[in-house]
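K.L.:
coords below, sequence missing:
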């Protein structure tokens, strides 16, 4: 295979007798595969439990630039990322911590799961709030952080302009955005997928204490917003310079929107939105509304700026 540069392998290769990878191979995706001979790769995706009781994915190729990792390691060592690493995506199968310092060339989106340098148990037992080191040398090129099921405190680097949080707790969000020196412009957040009425009652007062940074220009709300009382943080007011407010179409968001900032240009609501919508800014340029609002809009009961482009879901 003299021209092979990218390869994807699936299935159980533990009894295949071994495979010799061509040295010109640059991108490899492995699923349940014994990771050997990876020293010349620049891009690697590892999914599923590595074959072999003592399988260890260290050392990775020193040439590696992109790593998508969804497996754990068979020892207790921290993962040292290759120095040329540019892109990192971490999945739910990774529980081992990462070693510092981070590669200086990390750029694009940095996608992390639960924690960075702290090893957390998988049993979900409650514990006191842990915090990442305060002196992490963040690469200056990083602009976006995607944090899934994030469970620890962390000082966000000032270079971050976009933050995405899924399965969010109010303590976590408040801790991350507490630093008023941040230049955060975009925020995505969603609630806990397993939310119950007890969770709503327990977290509601905490969500009321969350203050969204004034610098945010784009706010996106995902699923489980009302179910987890996430919407109660909006009772403190939306960011004064907000330009885009988007709610994913399948979200359960259903809180009154009666004090939208005058800077708002884009408004996307979810299919089930049924709360009051009032005082829409004159500068609104685009709106996506639930179908039930079509008749009130046509009847003039829902005043929108004449120049606004309107569609329905």
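P.N.:
Perfect, thanks for sending it. Being a predicted model, the structure only gives us computed values, none of them experimental. Residues are numbered from 1 along each chain as shown.

K.L.:
wait, residue 143 sits on residue 159?
P.N.:
Yes: assessed by CB atoms under 8 Å, residue 143 is found in contact with residue 159 at 6.4 Å. All C-beta spots, glycine's among them, are computed from the backbone N, C-alpha and C.

K.L.:
of these two, which one has the most company?
P.N.:
residue 143 (17 against 14; other CB atoms under 10 Å).

K.L.:
which residues of the chain fall in helices?
P.N.:
Taking DSSP state H, the helices of the chain run over residues 170-177, 197-207, 294-298.

K.L.:
distance from the chain centre to the second one, please.
P.N.:
Here the centre of mass of C-alpha atoms in helix 197-207, compared against the chain's by CA atoms, centre = their mean, to the nearest Å, lies 22 Å away.

K.L.:
again, but for the first one
P.N.:
With CA atoms, centre = their mean as the basis, helix 170-177 stands 14 Å off its chain's centre.

K.L.:
mean confidence for it?
P.N.:
The average pLDDT within helix 170-177 is 90.

K.L.:
before we move on, what about the second one?
P.N.:
Mean per-residue pLDDT for helix 197-207: 78.

K.L.:
who are the packing partners of that helix?
P.N.:
When contacts are defined as 3 or more CB pairs under 8 Å, 6 or more residues apart in numbering; DSSP states H and E, helix 197-207 sits against helix 170-177.

K.L.:
output the contacting helices and strands for the helix it packs on.
P.N.:
strand 162-166, helix 197-207.

K.L.:
what's the neighbour count on the closest residue to residue 108 other than its chain neighbours?
P.N.:
Leaving aside its chain neighbours, residue 108 sits nearest to residue 87 (5.3 Å; criterion: CB to CB, 6 or more residues apart in numbering). If you count neighbours by other CB under 10 Å, residue 87 ends up with 17.

K.L.:
for residue 87, give me its contacts.
P.N.:
65, 66, 67, 106, 107, 108, 109 (CB atoms under 8 Å, 6 or more residues apart in numbering).

K.L.:
how close does it get to residue 111?
P.N.:
9 Å (CB to CB, to the nearest Å).

K.L.:
how much space separates the nearest residue to residue 149 once chain neighbours are set aside from residue 135?
P.N.:
In space, and not counting its chain neighbours, residue 149 is closest to residue 167: 4.7 Å by CB to CB, 6+ apart. With distances taken as CB to CB, residue 167 is found 27 Å from residue 135.

K.L.:
do residue 95 as well
P.N.:
Separation of residue 95 from residue 135 (CB to CB): 24 Å.

K.L.:
more neighbours: those two, which one.
P.N.:
residue 95 (14 against 8).

K.L.:
how close does the more buried one get to residue 166?
P.N.:
18 Å.

K.L.:
sketch out the strands for the stretch 151-300 of the chain, chain order is fine.
P.N.:
162-166, 186-189, 218-221, 244-247, 266-268, 286-289 (DSSP state E, counting those that start in this stretch).

K.L.:
which residues are contacting the third one?
P.N.:
So the one you mean is strand 218-221. 185-190, 212, 230-231, 238-239, 242-248, 251, 253.

K.L.:
kindly recompute the last result at 6 Å.
P.N.:
Strand 218-221 is contacted by residues 186, 187, 188, 244, 245, 246, 247, 251, 253 when judged by CB atoms under 6 Å, 6 or more residues apart in numbering.

K.L.:
go on, the first one?
P.N.:
Residues outside strand 162-166 that contact it (CB under 6 Å, 6+ apart): 144, 145, 146, 147, 148, 184, 186, 187, 188, 189, 190.
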